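Engineer: next input, structure requested:
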Amino acid sequence: MSGSESPGQSGQGRKKNLYIAHRRSPSELTTLMVEQYNLQRQLEAVQSQQKQLLEGHQRSPSQGGGHRRTGSASSQGHSRRHSLGLNEAIKAAANQRQTQAPQDSQGFLQPSSQPLQPQGSPLGQSASGQLQSDFRFPSPNYAAAASEGSPRGHSRSRSYQQFKFPPDNNPLHPPAPTFSLSPERGSQGHSRRGSHARSNSKTDGINSNWRLQQQPAHQRTSSALEPPQFVPGHKGRGSSFGGSVSSLSQFMPNQGGGGQGSGRKSLFAPYLPQSSLPELINDGRLVTGILRVNKKNRSDAYVSTDGLLDADIFICGSKDRNRALEGDLVAVELLVVDEVWESKKEKEEKKRRKDNTLSKNTSVLSDDIHNDATSTSNEDSKDDEGLGRRGSLKQRPTMKKNDDVEVEGQSLLLVEEEEINDDVKPLYAGHVVAVVDRIPGQIFTGTLGLLRPAQAAQAAIDKKSGKEPSVQTPKAPKIVWFKPTDKRVPLIAIPTEQAPKDFVDNHEAYADQLFIASIKRWPITSLHPFGTLGDKLGCIDDPQVGIDAIFSDNNFSCSEYPTGDEGYIKSLLSSVPSVEIELANPNRAEFFNDYVVAFTENNEFVDHAMHVKRLSNTIIELGFHAVDISHYVQPGSVLERKAKKISSSVFLPQKAAHLFPSEVNDLISFKDNEKSLAVSVTFEIDTTSFEVENVHIRESVVVPKSTVSFDDVDAILGNGKINGEITQATCDYIKTFALIAKEFRRQRLNDKTLGISPSLTLLDQIDDEKVRLHMNIFESSSALSIVSEIGYKVNSTIAVKVHAALGDEAFLRRQALPTLQKIENFSRKAFNLGFKIDTSTPSTLQQSILKIDDPLKRQCIETLLYKCMPRAKYYIAGKQDPENYSHYYLNLPLYTHFTSPLRRFADLIVHRQVKQVIQAAEREKSPDLDALNAISVYCNFKKDCAANAQEQGIHLLLSQTINEMSEHAGQLLVMGTVLQVYESSFDVFIPEFGIEKRVHGDQLPLVKAEFDKANRVLELFWEKGVDSATYVPPDEKSSLSYRSSIKNKYRTSASEAAKIQRKNATERNNNIVPDSVIEKLSALQLSVPKVAPPQIKPWKSIPSSPSISQFGSRPGSGAFHETTSDDGGLSPYLQDVVTRVENKSYIQEIREMQPVPVLLRAEIGKGMALPCLTVRVLNPFAEA
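Structural biologist: As a prediction, the model looks like this:
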């Protein structure tokens, strides 16, 4: 083994070896699993022997136990697989990266190899000081140095030795089952991943057979020491080691039902016992991480290890995912990438053959065990008749096309997953061997069906065509099927008795009804999980139901605090202590005479305020005041328990769900000229250098002189119309806050030239979602930038104070570095677009983007970076290694959330810790790090849910707005910017709406397409005279196509749409948005998007291009447009299009960062929980 250490392990006391297992197919056992099952069998044998001996002694002293030991696993004919050390795996990944990322045509090798560490942070420095790509290795003597420090709150030990099995002096004794918690909990557990530790939620039922739950207790043989039996579910292929997995049918007793004795075939491997995980993780046999399902191909998934490895682990297929769900903390055994990749290629080849067969028949694709239609292969095989290639243009199967419409259409930005093919293989691969933890109580929205979706589609086709039904409807089914809206969630089997009483006889009437369901168990003998049905939300076409579904799908409820229930609200308020005594507390600082300005983002609550005053000629005082939430919400109260469950407020354009009831928000919020309890942070700042000279953190009483909204602040700083109630003094103080925020930003990003704008609005949402919303996620706000920047300073100051005083107990927030693979991909894409981005530090990364003058181009680069950045996470200091404490994007070594206590439960925890530090009171008992860690994990989960809900709410409103704007034409004609180009598609960014969409070539009237990879140019060979606005691809005429369920199918020609828009713009002050939309958005306090037709540009003196002069365009460098004098036509849209004609081929060139006219449409379908936004590009030869 080499002496280098794994990435993400610097700061650890010892080295850690990880192992990679070999196998030929997902059905084969790895060595680790064989070892664990051997241990399990021996344990069961000992238990059985002891039981029989005990029974024998009870019957007769002369009777023996008569126990016959089962055969050794090694005697079975299973395929052996081997393990490799972590260092060899990393070396292999590095070699693979070098071979698959050669120097490109522009001579660009790779982005800066400097590590992506926050600047000025001692916590981010490696002991060795040497740089290795994205991670650092510690010095050899680091372990000794670390061991000299005081012991931390959890174990950080690592073994120098390779894993031995069996261990010395331990002849195959099974490990003592002393662990029932997540591996990171105990002192012997794997404690590196604080962010992966979960609450003590049980996963006991996940392996169990659902039928067994109904058996009497005396018939069950379950035990904490007896995990489910393993039986392979598929016949294995022959291997170089001999033997077949099929011979494992007698590997374990009771093999029929996974140890349940049901006689059912096992389809998944049972999970390894929880008790065995800590040792295996610490020994490097397993790694833990958060599972992320690939939205574009939901059979596959990735596991993020948060720094342990320099790339995510690829999980290939449903069998390797082993019943794990999105967001699960899973234990993964690493596998050899080439073996996994070969297996994937074989499966995809089979699928392509199936797609080819199905394309010649009318039958529907069979159900995948996941709620999806999987993607086709990435290979370029020219002779692949199933794909129907025309040049580089790839024809997607109908079911895949349907799937892409929803996956790409129901999000504001495209889902970005790692590109994997024969040239770019995953760096790591593995399979899930256990679900370590899962957030309890997750719910999903969806529809109910008597048949599986594919069977229902086939039955509909048979009925429409008048054929004999090929799918028989069950007369007395035991289960019905719940199809989740989120396709990453598998179909869920629901007991029929939980469905509506008339569902079996009248199931078609419920096809458009949304329900709520949850997963309860997923036995190894079932392709699908079993669940329970909750409430019915209502009709899927009801706009209010759509909003409620967004809340429910993200584990929130709109009725946490029911309105009108005065008794319930009074019971919550009864635990709130009186403030009168505390207002007179002499230990509280008083801010009565300072000009305190309070801020509100949405006019619903006011939880922070600021003041500034001069102390001397060179010193000013800046004060930030947050409401003293910890005084009002007492530990253990009903109000605290309710807020802990909600964890985070949710803000949608249409509706908000608050952390506390409105009565509590009103009681606690700052009010003008009234005394309020607060926790204040005051900075003494030297105005010559803007360095902070002193900081005071105190309990206080504050009297705000004025309350301003973010809109008011934007108007003051933008010289807009100012609210008449705002005084000149308030305006002056706000401008002073802006100057201070600008200096804080310059210090944080190490750039003395920065102002408060431009801002990276999208990237700023990595840490915290917005409260004051806009329909365009890129729309900036000076008020938000100012308050956020000062908030960053306050939060980081609180984090340093709390961590210094409480150490391991400190409740903090971090943002991990993006993986090396992702940041390299981003840097390469940016370079292809013409921008060289310095990725050496987070400050240089942001400086490079902020220096892009063109707002449109800056937003394009910001979009690319956003999709490779992980979201920030809460953590407990004692559960995370110090070198991982930093907040990467904010470029801060320590950070937390303190400034918004009325909308984040995490702030309440931090406020209580601040009180401990301020009061310096002796604690009655030692802190429970596991309990704190469970809170941090749950807060992370709900914080991410809140962000997802907000995006879905914006998307829903945007889709409805676009549909209303395009009512007369069926679609909008807008200009987009090409962001990335592929073989048969390209991505466009539409700045008016802040969305990114993909244009697929098989949706257009093309003869073929050709992709020039070297020059990154996609050439579209158009069919002359065919309007892409009204074109319907042949496969979309099939009843299987999504088009059959679309309700708003009306579309005019592109030229007619352009004329309608031009007319509307003339009537509405050069904006095509109708008055009804303006009124609707104004009622929601949202700004109206500005969508105006482009204007004809004056021609420059450039050489002529005779190849296109025959089309009547002005001679130019390949630019084609009509010469009609009617500006209401397509001329303005086509003026930047690059076309040519060669040998009767009508060719358009698509290049990155090129403007192209696109047709934008909101597809509203029957059964679609969310509308889908789709795009097509205009055919420049439609009227030629």
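
Engineer: could you use CA atoms for every contact and neighbour count after this?
Structural biologist: Will do.

Engineer: I'd like the distance between the closest residue to residue 504 other than its chain neighbours and residue 1160.
Structural biologist: Setting aside the residues directly before and after it, residue 504 is nearest to residue 450 in space (Cα to Cα, 6 or more residues apart in numbering), at 6.9 Å. Taking Cα to Cα, to the nearest Å as the measure, residue 450 falls 36 Å from residue 1160.

Engineer: then residue 401?
Structural biologist: 17 Å.

Engineer: the more surrounded of those two?
Structural biologist: Taking other Cα atoms under 10 Å, residue 401 and residue 1160 do not tie; residue 1160 has more neighbours (24 against 21).

Engineer: now do the SS call for the more buried one.
Structural biologist: Three-state call for residue 1160 (DSSP: H, G, I helix; E, B strand; the rest coil): strand.

Engineer: thought it was touching residue 1172?
Structural biologist: No: proximity of residue 1160 to residue 1172 does not meet the contact threshold set by Cα atoms under 8 Å, at 10.4 Å.

Engineer: any idea how this structure splits into domains?
Structural biologist: 20-338, 443-554, 568-816+870-938, 966-1177 (automatic domain parsing).

Engineer: tell me which of those domains sits nearest to residue 829.
Structural biologist: domain 966-1177 (8.0 Å; Cα to Cα).

Engineer: so which residues of the stretch 351-500 of the chain form helices?
Structural biologist: Assigned by DSSP state H, counting those that start in this stretch, the stretch 351-500 of the chain shows helices spanning 398-409, 453-465.

Engineer: ok, of these, where does mean pLDDT dip lowest?
Structural biologist: Ranked on mean pLDDT, the bottom entry among these is helix 453-465, at a mean of 70.

Engineer: the strands in the stretch 701-850 of the chain, which residues?
Structural biologist: Counting by DSSP state E, counting those that start in this stretch, the stretch 701-850 of the chain has these strands, from start to end: 811-814.

Engineer: residue ranges for the helices of it, please.
Structural biologist: 710-717, 728-748, 761-764, 782-806, 820-832, 842-850.

Engineer: now those helices as CSV including mean neighbour count?
Structural biologist: What follows is the helices of the stretch 701-850 of the chain, written out as CSV (neighbours: other Cα atoms under 10 Å):
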stretch, mean neighbour count
helix 710-717, 20
helix 728-748, 18
helix 761-764, 18
helix 782-806, 21
helix 820-832, 20
helix 842-850, 20
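
Engineer: any idea which of those helices gets closest to residue 673?
Structural biologist: Among those, if distance is taken as Cα to Cα, the winner is helix 728-748, at 14.1 Å.

Engineer: give me the contact list for that closest one.
Structural biologist: Outside of helix 728-748, the residues within contact range by Cα atoms under 8 Å, 6 or more residues apart in numbering are 597, 611-612, 690, 706, 713, 716-717, 752-756, 786-787, 789-790, 793, 843, 890-892.

Engineer: CSV for the helices of the stretch 351-500 of the chain, including distance to residue 304?
Structural biologist: Compiled in CSV, these are given as follows (distance: least, Cα to Cα, whole Å):
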stretch, distance to residue 304
helix 398-409, 21
helix 453-465, 31
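
Engineer: tell me which of those sits most buried.
Structural biologist: Mean neighbours per residue, mean count of other Cα atoms under 10 Å, is largest over these for helix 398-409, with a mean of 20.

Engineer: and of the helices of the stretch 701-850 of the chain, who's closest to residue 896?
Structural biologist: Of all those, helix 782-806 comes closest under Cα to Cα, at 5.4 Å.

Engineer: the closest one - contacts with which helices or strands?
Structural biologist: If you count contacts as 3 or more Cα pairs under 8 Å, 6 or more residues apart in numbering; DSSP states H and E, helix 782-806 packs onto helix 710-717, helix 728-748, helix 905-919.

Engineer: quick check: which of the ones you listed is nearest to residue 351?
Structural biologist: Closest among the helices and strands packed on helix 782-806, using Cα to Cα: helix 905-919, at 46.9 Å.

Engineer: just give me how far the closest one sits from the chain centre.
Structural biologist: Distance of helix 905-919 from its chain centroid, counting by Cα atoms, centre = their mean, to the nearest Å, is 29 Å.

Engineer: quick check: angle from that helix to helix 782-806?
Structural biologist: 50 degrees (axes from the mean of the first three to the mean of the last three Cα atoms, to 10 degrees).

Engineer: so what's the residue count around the residue lying closest to residue 817 once chain neighbours are set aside?
Structural biologist: Leaving out its chain neighbours, the residue that sits closest to residue 817 by Cα to Cα, 6+ apart is residue 888, at 5.9 Å. Look at residue 888: counted by other Cα under 10 Å, it has 26 neighbours.

Engineer: from residue 522, how far out is residue 888?
Structural biologist: Following Cα to Cα, the distance that separates residue 888 from residue 522 is 38 Å.
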